[in-house]
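Asks: I need the structure of the sequence given here:
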Amino acid sequence: MLGIIKSYYRFFAPLLILLSLWVVGTIGYVFIEKYSWFDAFYMTIITVATVGYQEVHPLSVEGKLFTAFLIITSFGTFAYAVSSITKFVIDGEFNEFFKNRKLNATIDKISDHVIICGYGRNGRQAAQVLKKHNKRFVVIENSPTVTAALNHKFSELVVTGDSTHDEVLIKAGIMRAKAIITTLPVDADNLFIVLSARNLNKNLTIISRASEDNSDKKLKIAGANNVIMPDKVGGAHMASLVMKPDVMEFIDHITAEGGDNISLEEISFEKIPAELKNKTLKDLEIRNRSGANIIGYKTATGEYIINPSADTLIIPNSKLFVLGTSEQILALKQILS
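Replies: Prediction:
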């Protein structure tokens, strides 16, 4: 927010100075020399710009004194205003100013998006997966160099700023966001973001990175729904590849980073058609109607059931996990829509 205010000031302050000179000069000539408003404005322009044209009408003593005052006043002021505006344009601040205005207008129109805090290795991977699944996201990154490169790589929205500041989160549209992923390398920064995000949006899904074991509990108390420890997960994954290589490769294939023609989707109770709610999985006939398979079920109490039986009831707060090809998942979504 402070950066936006500074940009407004650097752009409009010189213009306001020039406008003030023209207003004072025009009014002065109207009242002192009885010029028409047009002649007074023209006289002010040639005086402030010091172009040396002859005055519109011969000046009185008072008019000459006023003109001298206007020249002396405008000499440094006009030069400052012109140089400031020129510098603003040449340094790229002009384009940056209007780009920020366009960015803010675009973010104000979106909702149900994901905010990624930090574009390091983890943030980059999260962005790649979201982009692959056509999920709208906003990246917050504090490094101007990184954000400049991001603007060329992604068509998505990039906010330059410190994501531990509330005003930056608000600029990224946190009030209307579906989720936030904070991937900063310092746990204290992630904790601060989690606290701020939960305070700004009570219904937000918050996923946080953690580096230390003792940070997990603190982040969840602060409001994180899930806490991921990349080093721990990576080590466990590598060990599993040694023990069960084919199983792990199969799991990798069906997760978010897997093949283009296979997908694992979750279906919440709210997405089930009204006539099928509180019915059994058999009544859904998902396999017969779409070809996809129900491989998991999450109960209302949070218990996970693998390969649920056909007589399992679809009740409020439950979820289904469905595996199928892209075509099968698309057919399923059409059935449920």
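
Asks: what sits against the residue lying closest to residue 180 once chain neighbours are set aside?
Replies: Excluding the flanking residues, the one nearest residue 180 by CB to CB, 6 or more residues apart in numbering is residue 115, at 4.4 Å. C-betas here are computed from N, CA, C, even on glycine. Neighbour list for residue 115: 137-140, 169, 172-174, 177, 179-181 [criterion: CB atoms under 8 Å, 6 or more residues apart in numbering].

Asks: Which strand or helix spans residue 115?
Replies: strand 114-117 (DSSP states H and E).

Asks: quick check, residue 181 in a strand?
Replies: Yes - remark: residue 181 belongs to a strand, assigned using DSSP: H, G, I helix; E, B strand; the rest coil.

Asks: What residues of stretch 224-237 count as buried?
Replies: For stretch 224-237, burial by neighbour count (16 or more other CB atoms under 10 Å) applies to 224, 227-229.

Asks: if we can go back for a sec, any chance of the contacts of residue 115 in CSV with neighbour count, pLDDT and distance to residue 325 as columns?
Replies: Formatted as CSV, those follow (neighbours: other CB atoms under 10 Å; pLDDT from 0 to 100; distance: CB to CB, whole Å):
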residue, neighbour count, pLDDT, distance to residue 325
137, 24, 93, 25
138, 24, 92, 31
139, 28, 92, 31
140, 29, 92, 35
169, 27, 94, 38
172, 26, 92, 35
173, 23, 92, 34
174, 21, 94, 35
177, 25, 94, 31
179, 20, 95, 26
180, 31, 96, 31
181, 23, 96, 28
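
Asks: Restricted to strands, list those residues.
Replies: Among the contacts of residue 115, the ones falling in strands (DSSP state E) are 137-140, 179-181.

Asks: Would you mind measuring from residue 313 to residue 292?
Replies: Distance of residue 313 to residue 292, computed by CB to CB, to the nearest Å: 20 Å.

Asks: do the same with residue 71
Replies: Residue 71 is 81 Å from residue 292, by CB to CB.

Asks: Those two: which has the busier surroundings?
Replies: Taking other CB atoms under 10 Å, residue 71 and residue 292 do not tie; residue 292 has more neighbours (24 against 13).

Asks: close enough to count as contact, that one and residue 284?
Replies: No - Residue 292 is not in contact with residue 284 according to CB atoms under 8 Å; the separation is 10.5 Å.

Asks: Which helix or strand contains the closest residue to residue 305 other than its chain neighbours?
Replies: In this structure, residue 305 finds its nearest non-sequential neighbour in residue 297, 4.4 Å apart by CB to CB, 6+ apart. Taking DSSP H and E as the criterion, residue 297 maps to strand 293-298.

Asks: Spatially central residue (nearest the centroid) of this structure, please.
Replies: By CA atoms, centre = their mean, the mean C-alpha position of the chain lies nearest to residue 138, the distance being 3.1 Å.

Asks: can you tell me which residues contact that one?
Replies: Per CB under 8 Å, 6+ apart, neighbours of residue 138: 107, 110, 113-116, 156-159, 172-173, 177.

Asks: now residue 187
Replies: By CB under 8 Å, 6+ apart, the residues touching residue 187 are 210-212, 215, 218-219.

Asks: how much space between it and residue 139?
Replies: In this structure, residue 187 and residue 139 are 20 Å apart, going by CB to CB.

Asks: With residue 170 instead?
Replies: Using CB to CB, residue 170 is found at 16 Å from residue 139.

Asks: now do residue 25
Replies: Counting by CB to CB, the gap from residue 25 to residue 139 is 48 Å.
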